[in-house]
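Asker: what shape does this take:
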Amino acid sequence: MINRNVLRLMLGIWLLPLAGWAQRGRAVAGTPALPEPPGTVRVADNLFMDETEVANIHWLEYLRFLQRDSTLAHYRTQLPDSTGWKPLVAPGQTSQSYFRAPGYYFYPATNISYEQAQAYCRWRSAVVNSVYFQEAAFRKQHPELRDYTVTVEYHLPTEEEWQLGAAGGVGPGARPFEVVQTQPIRKPKGQKLAGAEDLTACLEALQLPHPATEIAYELPFNLQENYYLAASNHVFYCAPAKEKFPLQSITAGPANTFGLQNVIGNVAEMTATRGVAKGGSFKTSVQGLTLATRQAYQEPQTWLGFRCVASVRMQKKAVNAE
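Answerer: Modelled structure (predicted):
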């Protein structure tokens, strides 16, 4: 028996970042528009992509369901490697594994295997189909679907599907390092090197030209470099004053024009092709990074995560003969 209260929690978490997004979907002639599956935005006629990378909180909900409804042996096969990260904790606090630490609930799930990611997508499909699409709230929100059976299939994206979503329907940005165009959260604020001693010291150590009139900007993606110079387009890394955890929240940074966050940087994302990830990670240099660039892997990694894509199927219900 599925715990519906836990399901609502899980779906509520997925839907939180979607506030303000209208339900969209192109209607085929004579049929209603396709509803967006939970946690996704529409990137093509029948292709929906997770707005964010799958986070630790999502993986914990998955484990909670397995712990309740599966065998102990199967539950143990879905546990990620918890030794890869050591979360930053305040003095006096007890250290916890990365994916269980409350302060990192909304950070990307990492050290997940290809097989585990596939199993998660299958489980998510089953839960949404058996509960979410059957809930009175969904039917109330979509009265036009009362005569249809709606099902969804979540899966890892093909390379082509991932690139379609990451591109956001537009070309790359104006600068060499802007591999996707983003929705600006705020106008970038630069720092004149004449008044930035820390950045000037970094540039001197890196032996990069740095005239006093040059302006430095923070790179919008969580990649190996974190700054660039406006005039020369030089990118570089300057260590922050305080120690920072290498990864960032799944909702940090600007979204692309589809509303997808962290498609570039943070963690590289698995595709349906085993061993092939896309998007780069916090360890990836922006130099030469494009949407077509692949990141190879053989096993779970601290820099590797994933997001699902989904397709929806609507079937007209049979009319009972009287």
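
Asker: could you give the bridge partners of the closest residue to residue 189 other than its chain neighbours?
Answerer: Closest residue in space to residue 189, ignoring its immediate chain neighbours: residue 217 at 7.9 Å, by C-beta to C-beta, 6 or more residues apart in numbering. For glycine as for every other residue, the C-beta is placed from the backbone atoms N, C-alpha and C. Under DSSP bridges, the beta-bridge partners of residue 217 are residue 228.

Asker: burial count for residue 217?
Answerer: Other residues near residue 217 number 14, with proximity taken as other C-beta atoms under 10 Å.

Asker: if I look at it, how far off is residue 235?
Answerer: Separation of residue 217 from residue 235 (C-beta to C-beta, to the nearest Å): 10 Å.

Asker: what is in contact with those two at once?
Answerer: Contact criterion C-beta atoms under 8 Å, 6 or more residues apart in numbering; residues shared by residue 217 and residue 235: 227, 228, 229.

Asker: quick check, nearest of these to residue 162?
Answerer: residue 228 (25.1 Å; C-beta to C-beta).

Asker: hmm, that closest one is touching residue 217, no?
Answerer: Yes. Counting by C-beta atoms under 8 Å, residue 217 is a contact partner of residue 228 at 5.7 Å.

Asker: how about the backbone phi and psi for residue 152?
Answerer: Here is the backbone geometry of residue 152 (degrees, to the nearest 10): phi -130, psi 150.

Asker: from residue 121, how far off is the nearest residue in space to it that is not next to it in sequence?
Answerer: Nearest residue to residue 152 in three dimensions, chain neighbours excluded: residue 37, at 4.5 Å (C-beta to C-beta, 6+ apart). Note on residue 37: its distance to residue 121, by C-beta to C-beta, is 11 Å.

Asker: the two: which has the busier surroundings?
Answerer: More crowded of residue 37 and residue 121, by other C-beta under 10 Å: residue 37, with 27 against 21.

Asker: before we move on, the earlier item: check contacts around the residue nearest to residue 152.
Answerer: Counting by C-beta under 8 Å, 6+ apart, residue 37 touches 48, 128, 152, 154, 310, 312.

Asker: what's the answer for residue 290, then?
Answerer: Per C-beta under 8 Å, 6+ apart, neighbours of residue 290: 172, 179.

Asker: now do the helices in the protein.
Answerer: Assigned helices in the chain, in chain order: 4-15, 56-69, 72-77, 114-130, 136-141, 159-167, 197-205 (criterion: DSSP state H).

Asker: coming back round to it: my read: the residue nearest to residue 189 touches residue 230, true?
Answerer: Yes. Here residue 217 reaches residue 230: they are 6.2 Å apart, a contact under C-beta under 8 Å.

Asker: what do those two both touch?
Answerer: Listed contacts common to residue 217 and residue 230 are residue 190; contacts here mean C-beta under 8 Å, 6+ apart.

Asker: and the closest residue to residue 95 other than its chain neighbours, how far is that from residue 268?
Answerer: Spatial nearest neighbour of residue 95, chain neighbours left out: residue 89 (5.3 Å); criterion: C-beta to C-beta, 6+ apart. Computed with C-beta to C-beta, the distance linking residue 89 and residue 268 is 26 Å.

Asker: these two: which is more packed in?
Answerer: Between residue 89 and residue 268, residue 268 has the larger neighbour count (other C-beta under 10 Å), namely 28 against 12.

Asker: list the contacts for that one?
Answerer: Residue 268 sits next to 277, 278, 279, 280, 281, 284, 295, 297, 303, 304, 305 when contact means C-beta under 8 Å, 6+ apart.

Asker: put the buried members of the residues you listed into a ChimeraX selection.
Answerer: To isolate the buried subset of those in ChimeraX, counting by 16 or more other C-beta atoms under 10 Å, use the following:
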select :277,278,279,280,281,284,295,297,303,304,305
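
Asker: list residues touching both of residue 37 and residue 121?
Answerer: Counting by C-beta under 8 Å, 6+ apart, the residues touching both residue 37 and residue 121 are residue 154.

Asker: sorry, back to before: which of the contacts of residue 37 sits closest to residue 261?
Answerer: Looking across these and measuring by C-beta to C-beta, the closest to residue 261 is residue 48, at 15.1 Å.

Asker: next up, the contacts around the residue nearest to residue 95.
Answerer: Residue 89 makes contact with 95, 96, 101, 103, according to C-beta under 8 Å, 6+ apart.

Asker: how about the contacts of residue 268 in JSON lines, adding pLDDT and distance to residue 254?
Answerer: Shown next, in JSON lines, are the contacts of residue 268 (pLDDT from 0 to 100; distance: C-beta to C-beta, whole Å):
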{"residue": "277", "pLDDT": "98", "distance to residue 254": "21"}
{"residue": "278", "pLDDT": "98", "distance to residue 254": "18"}
{"residue": "279", "pLDDT": "97", "distance to residue 254": "14"}
{"residue": "280", "pLDDT": "97", "distance to residue 254": "16"}
{"residue": "281", "pLDDT": "97", "distance to residue 254": "17"}
{"residue": "284", "pLDDT": "97", "distance to residue 254": "18"}
{"residue": "295", "pLDDT": "98", "distance to residue 254": "21"}
{"residue": "297", "pLDDT": "98", "distance to residue 254": "26"}
{"residue": "303", "pLDDT": "97", "distance to residue 254": "21"}
{"residue": "304", "pLDDT": "98", "distance to residue 254": "22"}
{"residue": "305", "pLDDT": "98", "distance to residue 254": "19"}
